[in-house]
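Colleague: Provided below are the primary sequence and the corresponding predicted coordinates.
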Amino acid sequence: MRRWFLPDTPDLLGLLARQGEVTVAGIDALCAWARGDHAKEAEVRAREHEADQVRRELLVAVKRAFVAPIGPEDAYELSERLDSVLNAAKNLVRESELLGMDPDPAMAEMCDLVALGVRDLVAAFPLLASHPDRATEYADGAVHQQRALEHVYRRAMSALLAVEEIREVGGRRELYRRCARMGDAIEGVAHRIWYAVVKGG
């Protein structure tokens, strides 16, 4: 007797959650770096490479998915946008090194808010299919953290007006902007969570 089987149904949400876990670890390393632990520079880079590998696995799974709890395009977009958060963290560390400037308290505060936002995003992923309303609550929480980051960013930029050293002003401004870009990237993920839920509903 011939038996017919449907293609495998890959665990897209599980892979997305795994990418999220690696991203959380990378952002935690970033926070430690921002508070003076220079040894964490290498871990930020390593986690970014690890997240890239998990993302490749997810994209392969999207390609062969027959039935998925969320649309393949949503899985792709969420993965790509989450990837941009950790890429931005790696670029912040690299820029600080190139400028020869250690992180300051404002950067540490912004990195802490990024970490809180990423944790909210990662908490939302497993709930996208089973509890979409809870997923959007976590997405809103991530956006809220980034609104707080914007306040820290503006305060830090305003404080630069009192600094006379041109090199310090220019360098700090660039580093603060890179912190703000992480916030923008987190909002991008949160908005896509909402899109996936609205479309799925």
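Modeller: Sure, I can see it.

Colleague: packing partners for the helix or strand of the chain with the lowest mean pLDDT?
Modeller: Ranking every helix and strand in the chain by mean pLDDT, DSSP states H and E puts helix 40-64 at the bottom, with a mean of 87. The contact analysis (3 or more CB pairs under 8 Å, 6 or more residues apart in numbering; DSSP states H and E) places helix 40-64 against helix 12-34, helix 72-99. Placement of C-beta: from N, CA and C, glycine included.

Colleague: quick one: it to chain centroid distance?
Modeller: Distance of helix 40-64 from its chain centroid, counting by CA atoms, centre = their mean, to the nearest Å, is 12 Å.

Colleague: Stretch 80-87 now?
Modeller: Offset of stretch 80-87 from its chain centre (CA atoms, centre = their mean): 5 Å.

Colleague: try stretch 108-123
Modeller: 8 Å.

Colleague: Touching, residue 127 and residue 138? I think so.
Modeller: Yes: Residue 127 lies in contact with residue 138 (CB atoms under 8 Å); the separation is 7.2 Å.

Colleague: Those two: who's more crowded?
Modeller: Each of residue 127 and residue 138 has its neighbours counted (other CB atoms under 10 Å); residue 138 has more, 21 against 18.

Colleague: Next up, the contacts around the more buried one.
Modeller: Applying CB atoms under 8 Å, 6 or more residues apart in numbering, we find residue 138 in contact with 120, 121, 123, 124, 127, 193.

Colleague: Among the residues you listed, which one sits closest to residue 72?
Modeller: residue 193 (15.7 Å; CB to CB).

Colleague: Which residue, neighbours along the chain excluded, lies closest to that closest one?
Modeller: Take residue 193 and drop its neighbours on the chain: the residue closest to it by CB to CB, 6 or more residues apart in numbering is residue 139, 4.1 Å away.

Colleague: Where does that neighbour sit, in terms of helix or strand?
Modeller: Secondary structure from DSSP states H and E places residue 139 in helix 132-159.

Colleague: same thing with residue 118?
Modeller: Judged by DSSP H and E, residue 118 forms part of helix 105-124.

Colleague: Run the chain-centre distance for that helix.
Modeller: How far helix 105-124 lies from its chain's middle: 9 Å, per CA atoms, centre = their mean.

Colleague: again, but for stretch 99-107
Modeller: 20 Å.

Colleague: Go ahead and produce PDB holding the CA coordinates of it.
Modeller: In PDB, the C-alpha atoms belonging to stretch 99-107 read as follows (Å, rounded to 0.1, in the frame of the first residue of the first chain):
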ATOM      1  CA  LEU A  99      36.600  56.500  17.400                       C
ATOM      2  CA  GLY A 100      38.600  55.500  20.400                       C
ATOM      3  CA  MET A 101      35.700  56.400  22.700                       C
ATOM      4  CA  ASP A 102      34.500  54.300  25.600                       C
ATOM      5  CA  PRO A 103      30.700  54.100  26.200                       C
ATOM      6  CA  ASP A 104      29.300  56.600  28.700                       C
ATOM      7  CA  PRO A 105      26.400  56.500  31.100                       C
ATOM      8  CA  ALA A 106      23.900  57.700  28.500                       C
ATOM      9  CA  MET A 107      24.900  54.900  26.100                       C
END
